[in-house]
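> quick one, fold the following:
(2 chains, ligands or ions: 3)
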Amino acid sequence: MEQTVANDRIMVHVTINGESRQALAEPRTLLAYFIRDTLGLTGTHVGCDTTSCGACTVLLDGIPVKSCTILAVQAAGHEIETVEGLEHNGQLHPLQQAFWDNHGLQCGFCTPGMLMTTTALLRSQDDVNDDDVRRAISGNLCRCTGYVNIVKAVLEAKSRMREGG
Amino acid sequence: MFPNPFQYYAPQSLDEIFQILDKYGDEAKILAGGQSLLPMMKLRLAAPSVLIDVNGISQWANVNAQDQSLQIGALMRHRDWEHALDSRVPLLHSTAVHIADPLVRNRGTMAGSLAHADPAADWGAALLALKASVAIQSAHRLREVPLREFFVDTFTTVLEPQELLTEIRIPLPQNDAFVGARYFKLERKVGDFAVVGVAVTVVLNPEGVVTDAGIGLAAVGATPLAAVNAESLLRGQRLTLDLVQEAASEAAKESDPITDRRGSEDYKRAMVNVFVKRGLTAVHKDWQLQMDISA
Ligand SMILES: Cc1cc2nc3c(=O)[nH]c(=O)nc-3n(C[C@H](O)[C@H](O)[C@H](O)COP(=O)(O)OP(=O)(O)OC[C@H]3O[C@@H](n4cnc5c(N)ncnc54)[C@H](O)[C@@H]3O)c2cc1C
Ligand code: FES
Ligand code: FES
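Numbering: from 1, shown residues only, chains lettered A, B, ... in the order given. Ligands and ions are numbered 1, 2, ... in the order given. Got it, this is the predicted structure:
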């Protein structure tokens, strides 16, 4: 049985973007802060810190979750993907490229969360339409773009990825 | 933001959970999806000194159909119903898509939602309409409580600190029965809690007579409510326009909303009326369509 005394830190092993990492964490440390402050991956953003905005979205075993509302110790032994894992050999992921090309971001604060949520969407569904994208990102707030270009970017990324095989 | 310090346990069996509960009593809290508890702990509205993470209880991540009832394990998440439609209980899918946002739905559990007992909980309304019951277990006893006797007050249920909610049980209709359902939710913005939520589920026989009806209400009382008088008006009757209107105004009478920044008492009551009418009408249309197809 895993257990600790209060304030004592536990060793947390995770696979993050395919890499195996381990570090100590207090039980009360939230996953978002573990990823940013302990593992040094600051691509994951903390926006509201109250489970409302989705800026902190990461994939936990492939499923998008708000990393400000899950404990780091709960991710022990699991697989995490963050925005840093999207690019490949210095090449932007087709989704990232499509966000760039379509002005799917302005200040960029919501972008890591948007990208992770839509990564999961495009993996889970072969065919997506405007409605699917809008529904999927309904937990990710953007104060800048008005969403139109984000939706456009995701749809374009999907067709590019299909053409690319 | 981060919670007060606590001890963390991640047991893999019920026995282990009961040992920890026995040791720490009401200092301990169960952590399921964490989508209500962790936000409260971050705001220091809750500060348990021991957290028991039950996400490792694999036997709770199952659904079984047995003896005319659907048995839903305590770790089934909102998302499990968002992505599945069971034609015997269409209300589950119809409700799931309205709960919070997709990210919260990916973690939050049905059992956690019931145990939390927010009066605006969408599952609360839906499962009351479905006449569900819950299995409750402690180290010493196992009991089954109808959901209609489960909610005591806002954020308060009959669960004792040493008890776990292990399963939700929903009675299933006869195989050949027609079941129609709707969940309607008025919300200020996507992902928000309900201003008013209404769950309607109706079983109809081939003659169009209501053999069973359930109406659950969210955010219009101290707990989620069942509109029992409206339900009994419907049973044994055909869904005529008059009857639908009568049931809708009865449900509105049974609701008990308060005026707050989401709306006035009168407005919320009026919305209960509208939603019950809309739900029953839609179910009746579904049934007619079904009859036309099979004719
Ligand atoms: C932004 C946001 C929006 C939301 N909007 C909605 C909404 O529109 N509608 C809605 O219905 N809900 C909404 N919720 C709440 C959400 O549905 C939660 O998932 C749910 O209330 C709690 O489920 P959980 O599994 O996350 O429980 P947790 O947060 O883990 O636990 C909640 C409580 O239940 C207890 N508990 C959990 N499981 C058990 C068990 N098996 N036995 C005994 N006790 C248990 C815990 O100790 C705790 O007290 C929202 C939440 C957020 C963050
Ligand atoms: S920072 Fe996690 S939801 Fe806003
Ligand atoms: S680009 Fe600024 S919040 Fe989305």
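> quick check: the residue of chain B nearest ligand 2.
Taking Cβ to the nearest ligand atom, ligand 2 has its nearest neighbour within chain B at residue B:103, 7.5 Å off. (Each C-beta comes from the backbone N, C-alpha and C, glycine too.)
> distance check, that residue against chain A.
Taking Cβ to the nearest Cβ, to the nearest Å as the criterion, residue B:103 is separated from chain A by 4 Å.
> three-state assignment of that residue?
Three-state call for residue B:103 (DSSP: H, G, I helix; E, B strand; the rest coil): helix.
> burial measure for it, as a count.
Other residues within reach of residue B:103, judged by other Cβ atoms under 10 Å in any protein chain shown, total 31.
> in the stretch 101-250 of chain B, mark out all the helices, start to finish.
B:102-105, B:110-116, B:122-129, B:228-234, B:241-254 (DSSP state H, counting those that start in this stretch).
> and the lowest-mean-pLDDT helix or strand in chain B, what does it pack onto?
One helix or strand of chain B scores below all others by mean pLDDT, DSSP states H and E: strand B:63-66, with a mean of 93. If you count contacts as 3 or more Cβ pairs under 8 Å, 6 or more residues apart in numbering or on different chains; DSSP states H and E, strand B:63-66 packs onto strand B:69-73.
> note down every partner strand of the strand it packs on and its orientation.
Here strand B:69-73 has these sheet partners by DSSP bridges: strand B:63-66 (antiparallel), strand B:164-171 (antiparallel).
> enumerate the residues of the stretch 51-200 of chain B near chain A.
Within the stretch 51-200 of chain B, the positions near chain A by Cβ under 8 Å from any Cβ of the partner chain are B:51, B:53, B:55, B:79, B:100-104, B:106-107, B:190-191.
> make a ChimeraX selection of the buried ones in the residues you listed.
ChimeraX command restricting those to the buried ones, with burial defined by 16 or more other Cβ atoms under 10 Å in any protein chain shown:
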select /B:51,53,55,79,100,101,102,103,104,106,107,191
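> a markdown table for the residues of the stretch 51-200 of chain B next to chain A, including distance to residue A:28 and pLDDT?
Below are these laid out as a markdown table (distance: Cβ to Cβ, whole Å; pLDDT from 0 to 100):
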| residue | distance to residue A:28 | pLDDT |
| --- | --- | --- |
| B:51 | 9 | 98 |
| B:53 | 13 | 98 |
| B:55 | 17 | 98 |
| B:79 | 26 | 97 |
| B:100 | 23 | 98 |
| B:101 | 24 | 98 |
| B:102 | 26 | 98 |
| B:103 | 21 | 98 |
| B:104 | 20 | 98 |
| B:106 | 22 | 98 |
| B:107 | 18 | 98 |
| B:190 | 30 | 84 |
| B:191 | 26 | 87 |
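> report pLDDT for residue 114.
You didn't say which chain, so I picked chain A. We have a pLDDT of 98 for residue A:114.
> wait, chain B
If you check residue B:114, the pLDDT there is 98.
> please apply the same query to residue A:5.
According to the model, residue A:5 scores 50 on pLDDT.
> rewinding a little: winner for burial among the helices of the stretch 101-250 of chain B?
Mean neighbour count (mean count of other Cβ atoms under 10 Å in any protein chain shown) peaks for helix B:122-129 among the helices of the stretch 101-250 of chain B, with a mean of 29.
> what does it contact?
B:78, B:91-92, B:95, B:98-99, B:110, B:113-114, B:117-118, B:147-148, B:151, B:168, B:170, B:181, B:183, B:185, B:194, B:197-201, B:214-218, B:223-226 (Cβ atoms under 8 Å, 6 or more residues apart in numbering or on different chains).
> what sits against the residue positioned nearest the centre of chain A?
Closest residue to the average C-alpha location of chain A: residue A:58 at 2.9 Å, with Cα atoms, centre = their mean. For residue A:58, the contact set (Cβ under 8 Å, 6+ apart) comprises A:31-32, A:35, A:44, A:64-65, A:67, A:80-82, A:116.
> among the residues you listed, name the ones in strands.
Counting by DSSP state E, the contacts of residue A:58 place A:64-65, A:80-81 in strands.
> quick one: which of the residues you listed is most hemmed in?
Neighbour max across the ones in strands among the contacts of residue A:58 (other Cβ under 10 Å) = residue A:65, 29 neighbours.
> that one and residue B:103 touch, don't they?
Yes. Residue A:65 is in contact with residue B:103 according to Cβ atoms under 8 Å; the separation is 6.1 Å.
> what residues do these two have in common as contacts?
Common contact partners of residue A:65 and residue B:103 (Cβ under 8 Å, 6+ apart): residue A:57.
> helices along chain A, start to end?
A:31-33, A:94-101, A:111-124, A:130-136, A:148-163 (DSSP state H).
> quick one: contacts for the closest residue to residue B:135 other than its chain neighbours?
If the residues on either side of it in the chain are set aside, residue B:135 comes closest to residue B:167, at 4.0 Å by Cβ to Cβ, 6 or more residues apart in numbering or on different chains. Residues in contact with residue B:167 (Cβ under 8 Å, 6+ apart) are B:60, B:71-74, B:111, B:134-135.
> residues contacting residue B:186?
Going by Cβ under 8 Å, 6+ apart, the list of residues near residue B:186 reads B:194-197, B:271, B:275.
> can you rerun that using 10 Å?
B:192, B:194-198, B:218-219, B:262-263, B:267-268, B:271-272, B:274-275 (Cβ atoms under 10 Å, 6 or more residues apart in numbering or on different chains).
> now the residue nearest to residue B:135: how far from ligand 1?
Using Cβ to the nearest ligand atom, to the nearest Å, residue B:167 is found at 9 Å from ligand 1.
> which residues does that residue bridge with?
Residues in beta-bridge contact with residue B:167 (DSSP bridges): residue B:73, residue B:135.
> would you check how far apart it and residue B:72 are?
From residue B:167 over to residue B:72 the distance is 6 Å, taken as Cβ to Cβ, to the nearest Å.
> name the residues contacting each of those two.
Common neighbours of residue B:167 and residue B:72, using Cβ under 10 Å, 6+ apart, are B:60, B:62-64, B:111, B:134-135.
> domain parsing of chain A, as residue ranges.
The record's domain parsing of chain A by automatic domain parsing lists A:5-85, A:94-162.
> now, of the contacts of helix B:122-129, which are buried?
In those, burial by neighbour count holds for B:78, B:91-92, B:95, B:98-99, B:110, B:113-114, B:117-118, B:147, B:151, B:168, B:170, B:181, B:183, B:185, B:194, B:197-201, B:214-218, B:223-226, counting by 16+ other Cβ under 10 Å.
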